[in-house]
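[1] Here you go, sequence then predicted model.
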Amino acid sequence: MRIGVLALQGAFREHLDTLRAIGVEGVRVREPADLDDVSGLILPGGESTTMRLLIERWGLREPILDLADRGAPIFGTCAGMIVLSRDIAGDEAPILPLLDVTVERNAFGRQLDSFEAELSVPVLGDTPVHAVFIRAPVIERTGPGVNVLARLDDGRVVAVRERNIIATAFHPELAGETRFHRLVATMAAEHDDPGEGSGRRPHPTRRARSTRLAR
Ligand code: GLN
């Protein structure tokens, strides 16, 4: 199983390192052909305006939307979260509108350019996540299908999941945190083989049905 990391711009090396640390092969994605053989995709932090331009320039928009539509996990961190949001506050057009949320860019302003926090993320277990925020966005609105995975102490939403799409406003890959990547790898393995875990191979029609349901 291989997981792609969008490697056009930003902090993609740290995601490749984190995948290596958990024994998963990471692939740099720079053009559509790089997506042919991946079971999931990570969109790193960086600068979402630049990422928008490069995604369009390299013809990656449709192939990434297709990968998501087939049910493969897509995980965005920081700028990657902005890239995945259906609505970007301030009337910017969405980039890959896969998450039914409204995101506010640079939500912490100049006073708090970067900060770190211990966050409770119940889906990852009891040990808190050491979260690094760098000119981070925040989620202002979540649609009905969106699960909130983490909030700041003041209640603001900073990690979400909607079906096969996960996004964090912070950078787990900069803090030696591997549990989000493990979750993505587990989802990717299940996407490759929906019968995995049940101890038997899925019947072909079951596989087709679960792929459809994942849409
Ligand atoms: N502020 C950046 C943006 O709006 C995101 C910062 C980050 O990814 N660390 O795109």
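    Okay, I see it.

[2] For the residue nearest the centre of the chain, list each beta-bridge partner.
    Taking CA atoms, centre = their mean as the criterion, residue 75 is the residue nearest the geometric centre of the chain, at 1.4 Å. Using DSSP bridges, the bridge partners assigned to residue 75 are residue 42, residue 166.

[3] ok, it - contacts?
    Residue 75 is in contact with 40-43, 165-168, 180-181, 184, counting by CB atoms under 8 Å, 6 or more residues apart in numbering. Any C-beta I mention is one placed from the backbone N, CA and C, and that applies to glycine too.

[4] Make TSV from those and add neighbour count and pLDDT to it.
    As requested, the contacts of residue 75 are arranged in TSV below (neighbours: other CB atoms under 10 Å; pLDDT from 0 to 100):
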residue	neighbour count	pLDDT
40	29	98
41	26	98
42	28	98
43	32	98
165	22	98
166	27	98
167	29	98
168	29	98
180	24	98
181	22	98
184	25	98
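
[5] ok, of those, which one's closest to residue 97?
    Set against residue 97, the nearest of the contacts of residue 75 by CB to CB is residue 165 (10.4 Å).

[6] Quick check: buried residues in the longest helix seen in the chain?
    Secondary structure of the chain per DSSP state H: the longest helix is helix 179-192. Of all the residues in helix 179-192, those buried under the rule 16 or more other CB atoms under 10 Å are 180-185, 187-191.

[7] coming back round to it: do you know the pLDDT at the residue nearest to the centre of the chain?
    Here, the pLDDT recorded for residue 75 equals 98.

[8] The one 10 residues further on too?
    Listed pLDDT for residue 85 reads 98.

[9] wait, it sits on residue 104?
    No. Under the contact definition of CB atoms under 8 Å, residue 85 does not touch residue 104, with a separation of 9.6 Å.

[10] Which one's more surrounded, these two?
    Taking residue 85 and residue 104 together and counting by other CB atoms under 10 Å, residue 85 has the greater number of neighbours (30 against 20).

[11] And for the more buried one, nearest residue in space, chain neighbours not counted?
    With CB to CB, 6 or more residues apart in numbering as the criterion, residue 85 has its nearest non-adjacent residue at 4.0 Å, and that residue is residue 103.
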